[in-house]
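**Q** Prediction below, plus the sequence it came from.
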Number of protein chains: 2
Amino acid sequence: MSYYKKLEEKFARIAKIKQMYDILFWDEQVNMPAGSSNSRAYVIAEANILQQEILLSSDLPELLEGAFSEELNPWQKSNLKLMNSNYLDAITVPKELNSAWVIAIMKSKNAWREMRYQNKWNEYFPFLEEVVNLTRQRATVRAEKYKISVYDAVLKDVRDGIDAKTIENIFSDIKTWLPGLIRQSISHQTSVIQPSGNFAVATQKELCLAVMKDIGFNFAYGRLDVSHHPFCGGVPSDVRITTNYLEGDFSRSLMGVIHETGHALYEQNLPSQWEFQPVGQNLGMAFHEGQSLLFEMQIGRSREFLKYLTPKIQSFFGKSSALDEDNLVKLYHVVKPDYIRIDADEITYQAHVLLRYEIEKDLMDNKITVKDIPELWNDKMQQYLGVDTSGNYKDGCMQDMHWPSGLFGYFPSYTLGAIIAAQLFNKIKQDEPGLNTDIAKGDLSKVKNWLISNLWSKASLFSPRQLLKDITGEDLTTKHLKNHLTARYIV
Amino acid sequence: MSYYKKLEEKFARIAKIKQMYDILFWDEQVNMPAGSSNSRAYVIAEANILQQEILLSSDLPELLEGAFSEELNPWQKSNLKLMNSNYLDAITVPKELNSAWVIAIMKSKNAWREMRYQNKWNEYFPFLEEVVNLTRQRATVRAEKYKISVYDAVLKDVRDGIDAKTIENIFSDIKTWLPGLIRQSISHQTSVIQPSGNFAVATQKELCLAVMKDIGFNFAYGRLDVSHHPFCGGVPSDVRITTNYLEGDFSRSLMGVIHETGHALYEQNLPSQWEFQPVGQNLGMAFHEGQSLLFEMQIGRSREFLKYLTPKIQSFFGKSSALDEDNLVKLYHVVKPDYIRIDADEITYQAHVLLRYEIEKDLMDNKITVKDIPELWNDKMQQYLGVDTSGNYKDGCMQDMHWPSGLFGYFPSYTLGAIIAAQLFNKIKQDEPGLNTDIAKGDLSKVKNWLISNLWSKASLFSPRQLLKDITGEDLTTKHLKNHLTARYIV
C-alpha cells in the first residue's frame, strides 16, 4: 500500500472518532440530563485524546514524507496538505495542555448553562478565566511554532484561512460606515404590526419542516430538534439542526430554521466519497456562516422569498393583517438595537460582532483580563448601540456560549460569513438571470445547483480565500454586504 | 504508579469509549435517520476497534502480571480479574474477525429494520447467515482457547456466568412443567374488559413519567424516549429507557416502562466511584433481566401494586369498568398464546424463549442452517403454543432484533432473569415483612433498599451465580418461578 493510502486509513479513523464526538456534542445540547455532565466531560475529553493519539502515532512523519513524493491527483494533494497541517498542529500543542483545555471547557459550559440565567457573573467568571488562560496558552505555543501572532494562532481552529491582519482591516472598514448605517436604517423604519397570539409549538414545527423540505433539506440524512441555543450539528450523512420555539412568535423559529438549513445544505452536499477525509470537510466557519446567511439574509428575508413564504405561513396560522406580505416584509426588516446578538437584525448584528471581536482580541493579546469584560461590554454596547448592560450579565457578556465553550476567533466568522454571503449572492444573481422569479415561488434549485457545482461539491479541495476569488472573481470585500444593507434598509 | 493503577487508567479509557458506543447505540435506535446507517456502521465499528486496541497494547501483559502480585483490596482484586478476562478475550479473537462481525451486524440490522415489515425473509436471510457464520467463528476461536463448548463461548458475551450445561438443565426442567402450566392457566382465565378508546400518546407519556418517578427513576440522570423496540440504554450517569405508544392501548407502554425502569434503577444505583472500571458494571444480562422482571412481573403485575396503579391510571384516563382494579388485575394476568414474544404474558413467554434457545443452540452447534429457521420456528410454535407462523416471517422468526444484531446466547437470559426475579423477590418478602402494604401504596423503598445494599451497590464485585447464592441462600433454581406462576395463574 502506498504511503498516501496508509495516511488515508489513519485519517479515516480520526474522522470516525470526530463523528462520534459530533453526535455526542449534539446529544449533549439536545438530550443529555444535567446529572451526566461530569461523566460526559470525561468521555468527550477521551474522544479528543483518541484523535490526537492517531495524529501522534510514531509512523506518521515517515508516511507524510513518503506521501509527499508520490504521484497524487489534485484531491489527494489537497488532502495530504491538510493531513500535514493537522499533524503539525498535533505535535505543537502538548497532549496534557489539550486535555486540560477540553476539560476546562466542559466545566465552563456546564457552569455557564447553570449560572447565565441566574445572572451570576461573579460565580461564573473563574471558569471562563481558566478557559481563556488555556486557550491563550495553546495559541501561544502555536504562535511561536508558526511565527504568527497569538490571535492568528487562535484563528487556526476556525479554519477560515483569513489572517488577523485582514480581519482587522475588515472591521476597521466596517467601523467607518456601520454607525451611520444603523442611524439611517432606524430613521427609515415604518410601523409594523407584531403578530400576536398563541402559535402552537407543534404547528410552528410543521411549518419549519415544510419550509426545510421546500428549500431542499434531505430528511433521509438529517433531523430537526429543539435545543436551548439553535445550531447545526451532527455529521454530513446525518445533519442535525435545532431551533427553539416561542409560543408568542413563530417568526423567530422560522427564520432560524432557514438559517440552520443553509448550514445543513452545505453539509448534506459535501462529496460523500470524501466523507472520512480532511479534504471532504467544509471550508471552515466563515464559509459555513456564508451559506446560512445566504439562505437567511440574502434569500430568506428578501421580498421575493417572502412572496413564497407568506401564503405558506397563512396556511398554518390563517390570514391576518399581521401576516400579509407587506407586513411580513417589514417585520423581517426591522432594525432595532438590542441586547441579544442572536436576535439581532443583520445591521446591528455587525456591531455585536465588532464588540466581541475587539474584546476577544485584547483578551488573547493579554491586554485585558476576564474581569474587565463586563465594563468593556457595557461601554461598547453604549457606544455602538446605545444599550445599557451594566449589571445585566445574562443579556450582556454571558449571553453567548462561544467563549464558555473555548470558541475564540469564531465571532469574526459571522461577519466574514455575512460578507461572503453577499459576495456569493451577488455573483449568483449575475450568473442566473430571472432568479427572483424562481425565489418568489420558493424554487431555490438554481441557487443550490450553482452552490453545488461551484462550492459545496468541492469541499476543501481549495483554500477558502482562493476559492472565493476563483468563483466570484474578487478577493474578500465588504462592498457587496454594504451595498446589500444599503439597498434593503435605506434606499 | 503501581501496575494496578496503570491498568485502571487504561480500562477507564476503554470504559469511556464504551460509553461513546452506548450513547451512539441509543441514538441509532431513537434518532438516526435511515440514510446515515452505512456511515454509522463504520463509526460504530471504529468504537469497537479502539477498545480492542487498548486491550491489545503491548504493555498490558506486563501490567497484568505485575498487578497480580500487588496488594489489592477486594474491589481491586475483582476488577483485576475482570480486566484479565477481558484481555484474554481480546487476544483470542483476531481483530479482523471482530471488525467483520461488527460490520456484518450493522448491515444485518439495517436490512432487518427495512425488510421485517415487508415480510422479506428470502431477501433478509443472507444478512443473518453472515452474522451467524461470523458469530460462530468468533465463538469457535474462543471455545478452542478456553476448551469449552461453542455455545459456552457464545454465552461469554452475555456475561451471565451461567454455563451451557446449567442452561440446558434449566430448559429441560421447564419443558416438563411448562406445557401443563400453559394449558391450566388458560383454563383458569375469566372474561376481561379490554380498555378501548383513544389514549393520547402525550397522556400515556405523562402517566409513564409519573409512575417512573414514584418507583424511583432519577430524571437528573436519565430520560424516557420512543424507539421502535423498547430498551434500556445509555450509561449509568445517563440511563435512557424507551417505549412506544399504541393510541388504542395504554396498558402495554405502561407495563413496558415499569420493566425498563427496573433495568434503569439497577444502572442508576451502581457505585459511581467505579463508573469507568469493569468491576463497576452490572452483573450481565440475566441479572439485568432479573431486575426488570422483578419490577414488572413480581411487583408491577401484582394485585398489590395494581391497587396503587389503578387510581393513578384513572387520574389520567378517567374511571370506567375497564379501568377498575379487578379488571386491571385480570388484564395484566391474561394468558394467551400468540405470535410476538415481547407482547407475551409471563407464562407463554418462557415457551418463546425455549424455542429460540433450541434453535440458536443448534445454529451455533452447526446442526442446522439459517435456511432451516422458518420451518423449525413454525414446528415449535405449533408444538409449544399451537400457533401457525408458516409464511408469516415478520411475526415469526423475523420479529426480534437479537439475532440480526448478533446477540446469540441472550434469549436464555430472559428466562434466567425470570428465575432470578422470582428467587430474589421470594427472599425480599422473607426479609421485609409487611411489604405488600407498602407496595399497595406504590412505596417500593424497602425493595430498593434491599436491592441497593445486597446487589446494586456491589456491581461486579462477586460473580453472578455466587452473589445469587450468597444473598438468597440458594443456587439458581426454577422453584420460585414455578411457585410464583402457579400461585398467580392457577391456584
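**A** Cool, the structure landed.

**Q** Please identify the buried residues of stretch A:399-411?
**A** A:399-411 (16 or more other CB atoms under 10 Å in any protein chain shown). C-beta: built from backbone N, CA, C; applies to glycine.

**Q** Which residues outside that stretch are in contact with it?
**A** If you take CB atoms under 8 Å, 6 or more residues apart in numbering or on different chains as the criterion, stretch A:399-411 is touched by A:101, A:104-105, A:108-109, A:111-112, A:116, A:127-128, A:131-132, A:134-135, A:151, A:154-155, A:157-158, A:229, A:285, A:339-342, A:353, A:356-357, A:360, A:363-364.

**Q** next one: stretch A:48-62
**A** Defining contact as CB under 8 Å, 6+ apart, one finds that stretch A:48-62 is touched by A:3, A:6-7, A:10, A:13-14, A:17-18, A:21, A:86-87, A:90-91, A:95, A:98-99, A:102, B:13, B:17, B:50.

**Q** Quick one: residues contacting A:I193.
**A** A:321-322, A:327, A:331.

**Q** pretty sure it belongs to a helix, no?
**A** No - going by DSSP: H, G, I helix; E, B strand; the rest coil, the assignment for A:I193 is coil, not a helix.

**Q** so how far is A:R301 from it?
**A** Distance, A:I193 to A:R301, using CB to CB, to the nearest Å: 17 Å.

**Q** Please apply the same query to A:S85.
**A** 37 Å.

**Q** What parts of the stretch 201-350 of chain A come near chain B?
**A** Within reach of chain B by CB under 8 Å from any CB of the partner chain, the stretch 201-350 of chain A has these residues: A:218-223, A:235-238, A:240, A:275-276.

**Q** show me the contacts for the residue at minimal distance from the centre of chain A.
**A** Nearest residue to the geometric centre of chain A (CA atoms, centre = their mean): A:E289, 4.7 Å. A:E289 makes contacts with A:413-414, A:416-418, A:420-421, as judged by CB under 8 Å, 6+ apart.

**Q** Of the buried residues of stretch A:399-411, which pair is most distant in space?
**A** A:Q399 and A:G409 (18.4 Å; CB to CB).

**Q** ok so, going back, of A:S85 and A:R301, give the one with the bigger neighbour count.
**A** Neighbour tally, A:S85 and A:R301, criterion other CB atoms under 10 Å in any protein chain shown: the higher count belongs to A:R301, 20 against 14.

**Q** What separation do you get for that one and chain B?
**A** A:R301 sits 29 Å away from chain B, taking CB to the nearest CB, to the nearest Å as the criterion.

**Q** residues touching that residue, list them.
**A** Taking CB under 8 Å, 6+ apart as the test, what A:R301 contacts is A:255, A:332-333, A:346, A:488.

**Q** Tell me the one among those residues nearest to A:Y245.
**A** A:Y245 has its nearest neighbour among these in A:M255, at 12.5 Å by CB to CB.

**Q** who touches the closest one in this structure?
**A** By CB under 8 Å, 6+ apart, A:M255 lies in contact with A:296, A:300-301, A:332.

**Q** Also A:V226?
**A** A:V226 is in contact with A:30, A:242-245, counting by CB under 8 Å, 6+ apart.

**Q** who does it bridge with?
**A** Applying DSSP bridges to A:V226 gives these bridge partners: A:T243.

**Q** out of the contacts of stretch A:399-411, which are buried?
**A** The neighbour-count test (16+ other CB under 10 Å) marks A:101, A:104-105, A:108-109, A:111-112, A:116, A:127-128, A:131-132, A:134-135, A:151, A:154-155, A:157-158, A:285, A:339, A:341, A:353, A:356-357, A:360, A:363-364 as buried among those.
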